[in-house]
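> Everything below, folded, please.
(one chain, ligands or ions: 1)
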Amino acid sequence: MSKQQSYIAKTFSGLEEVLSKEIKELGGLNNKILNRAVLFDGDKELLYKVNYLCRTAIRVLVPIAIFRAENENELYKEVLKIKWEDYIHLNGTFSIDGITSYSNISHSKYLALKTKDAIADRFRDKYGRRPNVDTRDPDVKINVRVFRNECTVSLDSSGESLHKRGYRTGTGPAPLNEVLAAGMILLSGWDSNGNFVDPMCGSGTLPIEAAMLAYNIPPLKYREQFGFTRWKDFDKEMWQKIKDDAEAARKEFKFNIIGSDKSGRILQVARENVVSAGLDDVISLRAQYIDDVHPPDGGGVMITNPPYGERIKVEDIKKLYAGIGDALKTEFEGYNAWIISSDKEALKFIGLRPSRRITLFNGPLESGFYKFEIYKGTKKVHKTGKEDDASSANPRRRRKRIDKS
Ligand SMILES: C[S@@+](CC[C@H](N)C(=O)[O-])C[C@H]1O[C@@H](n2cnc3c(N)ncnc32)[C@H](O)[C@@H]1O
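Have a look, this model is predicted:
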């Protein structure tokens, strides 16, 4: 068996359990849920797979040293002991991310600088010269974290954040992070046994991530570079086999994946992203107001990320959320509808009682991810507190012209 070691996969708050499940399914052992991260054991093959196949990992760190550092001199001495020549080519480049909290070394930049000095001195002492620092495109990205004076030095096996899937060519004004979008789909429990609809799809992140999940396409299929692909111990054959096996594991999917948006301009961006992800024959995109959406029969899941009211007038936001509620009640029977929003007031205007609420963060905004189960007889909640039957609701809905802006 190849060498086992511990790894740390980072994710967003609220997605730790989902990520842990993904890692377990790939063969991760001894998983431990941390704050916005999962600690697990495995071998090099698993490390490559977690980077390539986990939909909810942001980056995967490989700890190479853990020690106490009460001050900068202790840090320097311990970093100097690490066999950096095993990891970095003399002619290669490196960069350092420093993070410190509740510790005597209190400045992240200083922490990174001291770490760099120790690495440079080790090479100079041994070889008379040293690899260069390149903060933009390093061969080896080093992560040094001090928490309560305990320091963990790790190699960043992902390089760039794993939300950079490689398919996005453009965005609307408020795109969802791809990792968050995938996490929302996994949290919804959608098992690809029904349709997927996002009636406010913007640049198409949710339909694209849903299609990749439904067809079992690796989320990072279009990404060429990872941190580990530039490491000294990179196993090219193992990497190629992982990619070939993933290609062969593509699944069939017999339902519909649909994205729509009121803005024709944003939908054009979505179209370009869908083409770039190679999914133009499996995702249907439509320029439509939510009032005009008629999802396919057979049920499934609706997941959407409406505007939050940051840049919209209060009256309009109330109207918008009431419109979403009307569409759910009249058109989405048989669907589980999930809405992410940070706007608690606006959500009341949906007029339905959520059956679940999960806290997530959309960037810095604390948001709720709300589930509404729409079945015949779904109880509506009026502002008066009275309830009635959705199947009898039939608000007159006016067709609107598509927004060309
Ligand atoms: C926050 S953005 C969605 C971003 C998207 N998830 C992405 O990753 O790009 C909200 C979207 O809702 C659309 N929208 C606003 N009101 C709408 C309505 N009444 N019907 C349909 N779409 C609407 C906007 O055009 C915008 O693209």
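
> just the strands in the stretch 201-350 of the chain please.
Here the stretch 201-350 of the chain has its strands, by DSSP state E, counting those that start in this stretch, at 257-261, 283-287, 300-304, 335-341.

> And the ones you listed: which comes nearest the ligand?
For the ligand, the closest of those is strand 257-261, at 4.7 Å, according to CB to the nearest ligand atom. (C-beta placed from N, C-alpha, C; glycine too.)

> ok, now which ones touch Asn256?
Listed by CB atoms under 8 Å, 6 or more residues apart in numbering, the contact set of Asn256 reads Asn195, Phe196, Val197, Ser284, Pro296, Gly300.

> ok, now which ones touch the last one?
This means Gly300. Per CB under 8 Å, 6+ apart, neighbours of Gly300: Trp190, Gly194, Asn195, Phe196, Val197, Phe255, Asn256, Gly334, Tyr335, Asn336.

> hmm, which of those are the buried ones?
Among those, those buried by neighbour count (16 or more other CB atoms under 10 Å) are Trp190, Gly194, Asn195, Phe196, Val197, Asn256, Tyr335, Asn336.

> Leaving out chain neighbours, which residue sits closest to the last one?
Closest residue in space to Asn336, ignoring its immediate chain neighbours: Val301 at 5.1 Å, by CB to CB, 6 or more residues apart in numbering.

> Alongside the ligand, which residues does the stretch 101-250 of the chain contribute?
Taking CB under 6 Å from any ligand atom, the part of the stretch 101-250 of the chain that reaches the ligand is made up of Thr171, Gly172, Ala174, Pro175, Leu176, Pro199, Met200, Cys201, Gly202, Ser203, Thr205, Leu206.

> so the second one touches Thr205, yeah?
It refers to Gly172. No. With contact taken as CB atoms under 8 Å, Gly172 and Thr205 are classed as non-touching, separated by 9.3 Å.

> Between these two, which is the more surrounded one?
Thr205 (28 against 18; other CB atoms under 10 Å).

> mind listing what Lys10 touches?
By CB under 8 Å, 6+ apart, the contact list for Lys10 reads Arg36, Ala37, Ala57, Ile58, Arg59, Val60, Leu61.

> check contacts around the residue nearest to Asn336.
Ile185, Ser188, Trp190, Gly194, Asn195, Phe196, Val197, Tyr335, Asn336, Ala337, Trp338.

> that older thread, for the strands of the stretch 201-350 of the chain, give me a markdown table that also has distance to Asp156.
Listed next are the strands of the stretch 201-350 of the chain as a markdown table, based on distance: least, CB to CB, whole Å:
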| stretch | distance to Asp156 |
| --- | --- |
| strand 257-261 | 33 |
| strand 283-287 | 32 |
| strand 300-304 | 30 |
| strand 335-341 | 28 |
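
> How about the closest residue to the ligand within the chain, nearest residue that isn't a chain neighbour?
Relative to the ligand, the nearest point of the chain is Gly202 (2.7 Å; CB to the nearest ligand atom). By the measure of CB to CB, 6+ apart, the closest residue to Gly202 outside its immediate chain neighbours is Gly172, 4.1 Å from it.

> Can you classify that neighbour by secondary structure?
With DSSP: H, G, I helix; E, B strand; the rest coil as the basis, Gly172 sits in coil.

> Give me the pLDDT for it.
We note a pLDDT of 81 for Gly172 in this prediction.

> Can you tell me how far it is from Gly264?
Gly172 sits 12 Å away from Gly264, going by CB to CB, to the nearest Å.

> Phi, psi for the residue of the chain closest to the ligand please.
phi 50, psi -130 (degrees, to the nearest 10).

> Test my guess that it contacts Pro175.
Yes. Gly202 is in contact with Pro175 according to CB under 8 Å; the separation is 6.1 Å.

> Now do the contacts for the residue nearest to Gly202.
Going by CB under 8 Å, 6+ apart, Gly172 touches Gly202, Ser203, Ser263, Ile266, Val269.

> Quick one: name the residues of the stretch 301-405 of the chain near the ligand.
Asn305, Pro306, Pro307, Leu320, Gly323.

> ok, now with 8 Å
Contact residues, the stretch 301-405 of the chain versus the ligand (CB under 8 Å from any ligand atom): Thr304, Asn305, Pro306, Pro307, Tyr308, Leu320, Gly323, Ile324, Lys400, Asp403.

> Just give me the closest of those residues to Asn51.
Nearest to Asn51 among those: Asn305, at 25.9 Å, using CB to CB.

> Pro207: neighbouring residues, count only.
29.

> ah, wrong one, I meant Glu373
By other CB under 10 Å, 14 other residues sit near Glu373.

> domain assignment for the protein?
5-156, 178-217+256-392 (automatic domain parsing).

> Would you mind putting the ones you listed into TSV with distance to Gly227 and mean pLDDT alongside?
Below are the domains of the chain laid out as TSV (distance: least, CB to CB, whole Å; pLDDT from 0 to 100):
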stretch	distance to Gly227	mean pLDDT
domain 5-156	5	98
domain 178-217+256-392	17	90
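
> ok so, going back, just the buried ones out of the residues of the stretch 301-405 of the chain next to the ligand, please.
Thr304, Asn305, Pro306, Pro307, Tyr308, Leu320, Gly323, Ile324.

> top of the contacts of Gly172 by neighbour count?
Busiest of these [other CB under 10 Å] is Ser203, holding 27 neighbours.

> Much appreciated, bye for now.
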